[in-house]
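**Q** Structure of the sequence below:
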Amino acid sequence: MKRRGVVFKLFAITALFFLLFYAIIMLGQLLFFEKFYQHKKMADLEKKLLAFEQQYALKQWDDTRMDREIALFITRYKTQLAILTPEGHMKRETPFRITIRENDGHFVKISLSLIHPSDRENLLNANLMRGDWIEVEGLFEEGTNDFFYPVVIKKEGAQDIGSLKGVEELELERISGQITDLLLPDPNHLNLRQGMLWLALDEWFPLSEAHESKLHNGQSVIEEWTEPWTGMRLLVAIQPVMKEGRVNELIMAITSLQQISEANDALQLFYMYIGIGGCALILLLSLIFSKIVAKPLLSLNRIALRMARLDFSVKSPIRSQDEFGSLSDSLNGLSEKLDTTLQELHQANRQLREDMEHKQRIEQMQKEFVSNASHELKTPLSIVRGFAEGLKDGVGESKRERYLDVILDETGKMEALVRDMLELTKLESGTIKLRKSSFWVSELMEEIVDKLSHHLNDKQLKVVTVTANEPVVHADQEKIEQVIFNILVNAIRYAVPGSEITVRIEDEEGRVRMSIENEGDGIPPDQLEHIWERFYRAERSRNRKTGGTGLGLAIVKHILELHESKYGVVNSQKGVMFYFIL
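**A** Below you'll find the model as predicted:
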């Protein structure tokens, strides 16, 4: 392992990081956990005791409700609770008790505060209920005959609760009666700690001046206290109940800190044992981790160095399903891309030149369009102007009718040109919305032939229509009529006089294929793709007698593209054939 290599660096960083992290956890556990837990428990106890005091001060609870609230607090928070006078005399101790009615109707409350923890299981197993008859041996509270501290509680059919062993010298009294009310501790509340509460009262009262001053100011007192007989660590909290600015009562709570202390001692010993093993395991795992991580990284570095020397033939063998596998795939992809980048760069340069040439052609076409439009309008305007001036100068009556016919003819041509230009502009703008319907192309063709019968007769042409399994077409009938009309007019214009124009309407996989073929000269192959352009004519002389506006086929192209139709033109044996599929 090289001292400055990536493996060593990764091992060192990983090992130091985990050792530091492990040490922080151990030190935090050993040094601060017990204090943290004690502080949290003191804060929680103070908060809970304050909440209980607020409820107690605001609500006037009867004896039954008071006992149940105290029992609920003891059970829920595993904390012993008592309500005292300001001098420390017990007003209410643990609420867990049994009330019986003797034969003479006298009620006696039997306290469960001094029941030994070892007898609690018998107490719960006895399943005491209202109406049960029990016998109790014990002592009455001094000065009363209605509060009894039991030594043994007996119920027929159940094991005795308590024992007389060790109290033989006491003069015990015996009472019996029917249970009228009872409040038993929760089964999970293992230790009532009532004895500890009495010892705490003897230890803490009378209160010190500091404690009295704090309580009279409405503040609670909460401190850790070690019980002198057993050495058990306890947490004692006293909350004042204020009335008219004076301390009326005290609420005292006591809970154990012994469990966390014992657990912390065990944890300290446990961490001492696993400390050495944990450090060795961290070093071993850090070494393995650094080897696993660095091995593919070094391999990828060697491949990257060869790629830097423009050697793209090498491929990474790593195929793992992780980030290294992804990086390996990326390097392989990068190698392939770099290998073809130079060729693509040359191709891109060629494409750029082609794009520039295409742009120049588009600009040239725009210039030609303006020039063509000007040219198409200039000639008829000049003719109209000349004949109009002749009429103004007072030509003979014999020529007047001819001049007017020429003017009307030329204005009609200009009107047709403007109409086609507007139509083409709308088609190119994409604002045209097709209104599709179902119709027969053959019927539409007959109507168009009838409209062009005059032009056909002038050149002695005949239209022959051949149909085969013609399906119904769903398209914009008006636009398709314009397509057929323009193609047929173009066929009439260039057809040999006295010849036939053949129209075929056929089925092609459920679609209609229509072709219009005229007899005449073919179109030069290099001009076939240009005849769809605006103002383009196959004969470059631009003879206005044989040529139209030059926009008809451009309009046909845009209408068919709106219908997503295939279309084209080819030179046939007889002449030229236009076709489209709908």
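
**Q** for stretch 220-235, which positions count as buried?
**A** Residues 220-222, 225, 227, 232-235 are the ones in stretch 220-235 that count as buried (16 or more other Cβ atoms under 10 Å). Yep, even glycine has a C-beta here, placed from its N, CA and C like the rest.

**Q** what's that stretch in contact with?
**A** Here stretch 220-235 makes contact (Cβ atoms under 8 Å, 6 or more residues apart in numbering) with 38, 41-42, 45-46, 49-50, 196, 199-200, 203-204, 211, 214-215, 236-240, 254-258, 261.

**Q** Count the neighbours of residue 241 for me.
**A** Residue 241 is flanked by 19 other residues according to other Cβ atoms under 10 Å.

**Q** for it, which residues make a bridge with it?
**A** Per DSSP bridges, residues listed as beta-bridge partners of residue 241: residue 249.

**Q** Check residue 518 too.
**A** Using DSSP bridges, the bridge partners assigned to residue 518 are residue 501, residue 576.

**Q** list the contacts for it?
**A** Counted by Cβ under 8 Å, 6+ apart, residue 518 has contacts 491-492, 494-496, 499, 501-502, 574-577.

**Q** picking that back up, would you write a ChimeraX line that selects the buried entries of the contacts of stretch 220-235?
**A** Those of the contacts of stretch 220-235 that count as buried under 16+ other Cβ under 10 Å are selected in ChimeraX with:
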select :38,41,42,45,46,49,196,199,200,204,211,214,215,236,237,238,239,240,254,255,256,257
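
**Q** so of the contacts of stretch 220-235, which ones are in helices?
**A** 38, 41-42, 45-46, 49-50, 196, 199-200, 203-204, 211, 214-215, 258, 261 (DSSP state H).

**Q** Contacts made by the helix or strand harbouring residue 504 with the rest, please.
**A** Assigned by DSSP states H and E, residue 504 belongs to strand 500-508. For strand 500-508, the surrounding residues in contact (Cβ under 8 Å, 6+ apart) are 441-442, 445, 461-471, 488, 491-492, 495, 512-519, 574, 581.

**Q** For residue 244, grab the count of nearby residues.
**A** Residue 244 is flanked by 5 other residues according to other Cβ under 10 Å.

**Q** Give me the phi and psi angles of it.
**A** phi 60, psi 40 (degrees, to the nearest 10).

**Q** Relative to residue 57, how far out is it?
**A** Residue 244 is 12 Å from residue 57, where distance means Cβ to Cβ, to the nearest Å.

**Q** Helix, strand or coil: sort out the residue lying closest to residue 14 once chain neighbours are set aside for me.
**A** Excluding the flanking residues, the one nearest residue 14 by Cβ to Cβ, 6 or more residues apart in numbering is residue 286, at 4.2 Å. Using DSSP: H, G, I helix; E, B strand; the rest coil, the structure places residue 286 in helix.

**Q** what's near enough to touch residue 286?
**A** Counting by Cβ under 8 Å, 6+ apart, residue 286 makes contact with 11, 14-15, 18.

**Q** Try it again at 10 Å.
**A** Residues near residue 286 by Cβ atoms under 10 Å, 6 or more residues apart in numbering: 10-19.

**Q** Can you flag which of those residues belong to helices?
**A** Members of the contacts of residue 286 lying in helices (criterion: DSSP H): 10-19.

**Q** ok now stretch 53-69, how far from the chain's centre?
**A** Mean-position distance between stretch 53-69 and its chain equals 51 Å (Cα atoms, centre = their mean, to the nearest Å).

**Q** Tell me which residues of it come out buried.
**A** For stretch 53-69, the neighbour count (16+ other Cβ under 10 Å) marks 53, 56, 66-67, 69 as buried.

**Q** Just the element for residue 301, please.
**A** Using DSSP H and E, the element containing residue 301 is helix 258-308.

**Q** Which of the buried residues of stretch 220-235 fall within helices?
**A** Among these, no residue falls in helices (DSSP H).

**Q** Is it possible to get TSV of these that adds distance to residue 331?
**A** TSV is the format used below for those (distance: Cβ to Cβ, whole Å):
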residue	distance to residue 331
220	69
221	71
222	66
225	70
227	72
232	68
233	64
234	68
235	64
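
**Q** Farthest-apart pair in those residues, please.
**A** Maximum pairwise distance in the buried residues of stretch 220-235, criterion Cβ to Cβ, is 22.2 Å, between 220 and 232.

**Q** and the gap between the nearest residue to residue 255 once chain neighbours are set aside and residue 63?
**A** Nearest residue to residue 255, sequence neighbours excluded (Cβ to Cβ, 6+ apart): residue 79, at 4.2 Å. From residue 79 across to residue 63, the span is 21 Å (Cβ to Cβ).

**Q** do the same with residue 175
**A** Distance, residue 175 to residue 63, by Cβ to Cβ: 21 Å.

**Q** try residue 149
**A** Residue 149 is 19 Å from residue 63, where distance means Cβ to Cβ.

**Q** Chain neighbours aside, what residue packs nearest to residue 495?
**A** Distances taken as Cβ to Cβ, 6+ apart put residue 518 closest to residue 495, at 4.1 Å, once the chain neighbours are dropped.

**Q** Secondary structure element holding the nearest residue to residue 172 once chain neighbours are set aside?
**A** Nearest in space to residue 172, with sequence neighbours left out and distances taken as Cβ to Cβ, 6+ apart, is residue 137 at 4.8 Å. Assessed by DSSP H and E, residue 137 sits inside strand 133-140.
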